[in-house]
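Participant: A predicted structure for the sequence below; I have some questions about it.
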Amino acid sequence: FAINEKDKIALMGKNGAGKSTLLKIIAGAKTPSKGVVTSPNDSVISYLPQHLMTEDGNTVYEETSLAFLHILEMEQRIGELNGLMQQRDDYDSPDYYSLIEELSHLSEKLYTIETVNYREEIEKVLTGLGFKRSDLERQTSEFSGGWRMRIELVKILLKKPDLILLDEPTNH
């Protein structure tokens, strides 16, 4: 079968029929025993499992900001590389060239990512799903299963996926 842009598909069947397994295979979390799953190279597929993934010990803001973790890690590494380069004076060494190459690669990659005001984007999506601004600093553990599932959905929406797979989305 094919999943096309703008498609909304409901996968229904008995318990144990393999619905969750199929979603995990499409999401790339499991390998199929037969057949092939293909998608465009630049497509982003997000999967919301039926069991909660939200970590206790984080505020709602901290948990949802994990959607931008890859960007934050790139920015942190760029800062580390700049610091390392300032400490060195072996400008012609292979090690120094290696630092320059890594810095150049990361900077170029970060430049191609759409610049976003993270806090504003997080607040917009959270309030769109019913959270109040005052909820941002509350612990995730203070929320019911349904609200925690919304936190997971916010993280998915912030990644702006091409395909969202929801496994038992009405459980909580």
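Facilitator: Received it, and whenever you're ready, just let me know what you need.
Participant: now do the helices in this protein.
Facilitator: 19-27, 60-64, 69-87, 94-112, 118-128, 145-158 (DSSP state H).
Participant: show the pLDDT at the closest residue to R138 other than its chain neighbours.
Facilitator: Residue nearest to R138 in three dimensions, not counting chain neighbours: V60, with 5.8 Å by Cβ to Cβ, 6 or more residues apart in numbering. C-beta coordinates here come from the backbone N, C-alpha and C atoms, glycine included. V60 carries a pLDDT value of 95.
Participant: would you mind measuring from V60 to R133?
Facilitator: 10 Å (Cβ to Cβ, to the nearest Å).
Participant: between those two, which one's more packed in?
Facilitator: V60 (26 against 9; other Cβ atoms under 10 Å).
Participant: pretty sure the more buried one contacts D135?
Facilitator: Yes - look at V60 against D135 with Cβ atoms under 8 Å: they come within range, at 5.4 Å.
Participant: joint contacts of these two?
Facilitator: L126 (Cβ atoms under 8 Å, 6 or more residues apart in numbering).
Participant: how near is T170 to M85?
Facilitator: The value you get for T170 to M85, if Cβ to Cβ is used, is 52 Å.
Participant: looking at the two, which has the bigger crowd around it?
Facilitator: Shown here are T170 and M85; by other Cβ under 10 Å, M85 has more neighbours (13 against 8).
Participant: start to end distance for stretch 125-143?
Facilitator: Using Cα to Cα, to the nearest Å, the end-to-end distance of stretch 125-143 comes to 17 Å.
Participant: so what's the residue nearest to R138 up against?
Facilitator: By Cβ under 8 Å, 6+ apart, the neighbours of V60 are L126, F131, D135, L136, E137, R138, Q139, T140, F143, I151.
Participant: which residues touch the fourth one?
Facilitator: What it means is L136. Counting by Cβ under 8 Å, 6+ apart, L136 has contacts T59, V60, Y61, I122, E123, L126.
Participant: in CSV: those, plus distance to P49.
Facilitator: Compiled in CSV, those are given as follows (distance: Cβ to Cβ, whole Å):
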residue, distance to P49
T59, 22
V60, 19
Y61, 22
I122, 21
E123, 25
L126, 20
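Participant: please pick the buried ones from those.
Facilitator: Buried by 16 or more other Cβ atoms under 10 Å: V60, Y61, I122, E123, L126, out of those.
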